[in-house]
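**Q** Give me a 3D structure for the following:
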Amino acid sequence: MTTHCILLAEDDSLLGELIVHMLEKTGFGTVEWVENGEDAYHYCMDSHYDVAVLDWMLPGWTGLSVCKKLRENGYAGAILMLTAKDALCDRVQGLDAGADDYLVKPFELEELQARLRALCRRNYAPLLEEVAELDGLRLNRSSLTLSMEEEVIQLSPREFQMLDLLLRNKSATLSRELILERIWGYDSDVSTKIVDATIKLLRKKLELFNKQHLIHSIRGVGYKLEL
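**A** Predicted structure coming up:
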């Protein structure tokens with residue numbers, strides 16, 4: 001059985017102990033447990049974890065702010081948010097901050113473990129070259145930047161994931177549903193409208209290089225990237 005390394009950031013001591021005990025008892029892997037957001041951020045930046053599990057309402061730096069800060073600084077590991085906030089706007093906010101999945105409290109430990117397994121599988125994608133090139137553009141997968149000659153712009157995590165997905169499937173038409181599943185997860189509660197919104201933001205970034213034409217809209221279906 002493959003074992004995994006999980007970071008748990010949870011300030012509820014009873015829940016934290018329960019999660020650690022459950023994951024280690026079932027042989028899922030090792031768990032490093034911290035109780036505040038600042039520690040969670042530094043642990044993630046200093047080590048590799050298969051999944052970082054962040055409670056939204058951490059003392060000091062909240063889980064949401066930790067997630068944003070990690071993504072802004074190029075952290076590419078999987079992130080699962082735990083929260084009692086169950087409104088649609090809260091779920092969208094968490095996912096847009098860079099979380100890969102979202103679990104609402106209270107939850108069953110079996111569901112947490114199933115979501116962690118899914119995120120770990122997704123994390124085993126083959127490594128790609130650090131810099132990809134297309135029509136004079138350079139996409140840096142480490143810094144999440146797009147550049148051309150001396151001009152460099154920063155992409156948000158979702159903008160990067162969108163462009164990277166389209167680039168890896170160049171000339172293929174990707175449906176909105178497929179894009180939603182690949183980037184936001186198959187069990188995400190957001191609609192395909194968020195795909196259109198992200199494409200719109202990405203095109204604005206490409207427009208700075210006069211390359212917005214690279215992303216083609218396929219009416220009633222989705223999008224493709226093509227010269």
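**Q** For Ser147, pull up the helix or strand it's in.
**A** In this assignment (DSSP states H and E), Ser147 forms part of strand 145-148.
**Q** Which strands or helices does that strand pack on?
**A** strand 137-140, strand 151-154 (3 or more CB pairs under 8 Å, 6 or more residues apart in numbering; DSSP states H and E). Quick note: C-beta positions are derived from backbone N, CA and C, even for glycine.
**Q** same thing but at 10 Å, please
**A** strand 131-134, strand 137-140, strand 151-154, helix 157-168, helix 193-207 (3 or more CB pairs under 10 Å, 6 or more residues apart in numbering; DSSP states H and E).
**Q** among the ones you listed, which is nearest Gly60?
**A** With CB to CB as the criterion, Gly60 lies closest to helix 157-168 of those, at 22.5 Å.
**Q** Next, the contact list for the residue nearest to Leu139 when sequence neighbours are not counted, please.
**A** The shortest distance from Leu139 to any residue other than its chain neighbours is 4.6 Å, reached at Ala132 (CB to CB, 6 or more residues apart in numbering). Neighbouring residues of Ala132 by CB atoms under 10 Å, 6 or more residues apart in numbering: Arg138, Leu139, Asn140, Arg141, Leu163, Asp164, Leu167, Arg168, Lys170.
**Q** Between which two of the residues you listed is the distance greatest?
**A** Among these, Asn140 and Lys170 lie farthest apart (CB to CB), at 17.6 Å.
**Q** Comparing these two, which residue is more hemmed in?
**A** Shown here are Asn140 and Lys170; by other CB atoms under 10 Å, Asn140 has more neighbours (16 against 13).
**Q** Do you know the pLDDT at the more buried one?
**A** Note on Asn140: pLDDT of 90.
**Q** do the same with the one 3 residues further on
**A** Taken from the predicted model, the pLDDT recorded for Ser143 is 84.
**Q** for the protein, what spans make up the strands?
**A** 4-9, 29-34, 51-55, 78-83, 101-104, 131-134, 137-140, 145-148, 151-154, 174-175, 215-218, 222-225 (DSSP state E).
**Q** Out of the ones you listed, flag the one nearest Glu17.
**A** Across those, closest to Glu17 is strand 29-34 (CB to CB), at 8.3 Å.
**Q** tell me which residues in that closest one are buried?
**A** Gly29, Val31, Glu32, Trp33, Val34 (16 or more other CB atoms under 10 Å).
**Q** so which of the helices and strands packed on strand 145-148 is the most packed in?
**A** Neighbour counts (mean count of other CB atoms under 10 Å) averaged over each of those peak at helix 157-168, with a mean of 20.
**Q** Am I right that Lys69 is in contact with Trp61?
**A** Yes: in this structure, Lys69 is within contact of Trp61 by CB atoms under 10 Å, at 7.5 Å.
**Q** so what sits against both of the two?
**A** Taking CB under 10 Å, 6+ apart as the criterion, Lys69 and Trp61 both touch Gly37, Glu38, Ala40, Tyr41.
**Q** which one among the residues you listed gets closest to Ala118?
**A** Of those, the one sitting nearest to Ala118 (CB to CB) turns out to be Ala40, at 21.2 Å.
**Q** what's around the nearest residue to that closest one once chain neighbours are set aside, how many residues?
**A** Computed as CB to CB, 6+ apart, the closest residue to Ala40 that is not its neighbour in sequence is Ala9, at 3.6 Å. Ala9: 27 surrounding residues under other CB under 10 Å.
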